[in-house]
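Enquirer: Kindly generate the corresponding structure for this input.
(one chain, ligands or ions: 1)
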Amino acid sequence: MSVFDNPHSRRDALRMLGVGAASALAFPMASACQKADDNTQSAVNDKAETPSSFSREVARFQPVKAPMAEATFPFSLPPLPYAFDALDAAIDAMTMEIHHDRHHAGYTKKLNAALEPHAKLHSRSIGELIGNLGALPEEVRLAVRNNGGGFYNHSLFWPMMSPSGGGQPSGSLADAINRDFGSFDEFRASFSQAAATVFGSGWAWLAADKANKLHVLKSANQDNPLTNGQRPILGIDVWEHAYYLKYQNKRKEYINNFWDIVNWDQCSENFGA
Ligand SMILES: [Fe+2]
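Expert: Numbers count the residues shown, from 1 in each chain. Sure thing, here's the model as predicted:
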């Protein structure tokens, strides 16, 4: 058992690495994953980095250049890039409308309300805010983690889907998937397994580290790979608000149909191809 399986040992290990409480908050996804499933990393990607390498990542924190991470205060709700019913084969129109117009709008409004009194933070991009949570004043940190994460995750999510999506990636993203997972089918199985086993509300991700190596991760609530120093390439929202009207408790069916609407062109752009 890793020391990271035990929260007390984990704190001790962080202390030895010179990572204090504020810095530990800079990678909430790792701790959230541990809470959700102690086998998260090994369960979703045998080649994934170990928890101890997360701590090394934090110890030498540097901002990560991530897709769609440039927006600054006041944040505005990005429009859907298609009609509410455009993804109907996988996600019904009412779910899309409620998800975008109420949930995403709600995260955006709450993020702005939380940051409004903090003028010094208004010039920081959403990527800088959630990429370095430990640098934020304590009184606003949780609001940025939850509502900033909600704003950013959903801003990423809509363009990752398309009515003309599906199939498989090509070019350098396809090459990287084959290199790091063995094949597209093995990657798809790992990603689907991660999405199916998020406990409660959260996301599954394909993310790239600073060496451009790919990983499948899952995060609780609205945490994002950016907080771990990784660049999000593809994500699936597995909060019940994302699928329950059409699928009720059949999350695996939603995940299976999601593959028919994945916008691989956008994912390749996120990868930097
Ligand atoms: Fe959502």
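
Enquirer: Trp259 belongs to a helix?
Expert: Yes: secondary structure of Trp259 (DSSP: H, G, I helix; E, B strand; the rest coil): part of a helix.

Enquirer: from now on call the first residue 15
Expert: All right, first residue 15 from here; so that's Trp273.

Enquirer: That one and Pro183 touch, don't they?
Expert: No: counting by C-beta atoms under 8 Å, Pro183 is not a contact partner of Trp273; they are 11.7 Å apart. Yep, even glycine has a C-beta here, placed from its N, CA and C like the rest.

Enquirer: any idea of the pLDDT on the closest residue to the ion within the chain?
Expert: Relative to the ion, the nearest point of the chain is Asp251 (4.2 Å; C-beta to the ion). The model reports Asp251 with a pLDDT of 98.

Enquirer: List the contacts of it.
Expert: Asp251 makes contact with His113, Asn167, His168, Phe171, Trp217, according to C-beta atoms under 8 Å, 6 or more residues apart in numbering.

Enquirer: Against Leu231, how distant is it?
Expert: 14 Å (C-beta to C-beta, to the nearest Å).

Enquirer: re earlier: which of the contacts of Asp251 has the largest number of neighbours?
Expert: Trp217 (28 neighbours; other C-beta atoms under 10 Å).

Enquirer: Confirm that that residue sits in a strand.
Expert: Yes: using three-state DSSP, the secondary structure at Trp217 is a strand.

Enquirer: hey, what's it bridged with?
Expert: Ser233, Asp251 (DSSP bridges).

Enquirer: Surely it and Leu248 touch.
Expert: No: the criterion here is C-beta under 8 Å, and Trp217 misses it with Leu248 at 10.3 Å.

Enquirer: returning to that earlier point: narrow the contacts of Asp251 to those in helices?
Expert: Using DSSP state H, Asn167, His168, Phe171 are the members of those that sit in helices.

Enquirer: so where's this structure shaky on pLDDT?
Expert: Residue ranges of the chain with pLDDT under 70: 15-78, 287.

Enquirer: Go again with 90.
Expert: Along the chain, the parts satisfying pLDDT under 90 run over 15-82, 103, 287.

Enquirer: circling back to that earlier point, between Trp273 and Pro183, which is the more surrounded one?
Expert: Pro183 (23 against 16).

Enquirer: give me the element that one is part of.
Expert: For Pro183, there is no helix or strand it lies in under DSSP states H and E.

Enquirer: what's the closest non-adjacent residue to it?
Expert: Among residues not flanking Pro183 along the chain, Trp278 sits closest, at 4.2 Å (C-beta to C-beta, 6 or more residues apart in numbering).

Enquirer: My guess is Asp106 contacts Lys260. True?
Expert: Yes: taking C-beta under 8 Å as the definition, Asp106 is a contact partner of Lys260 at 4.6 Å.
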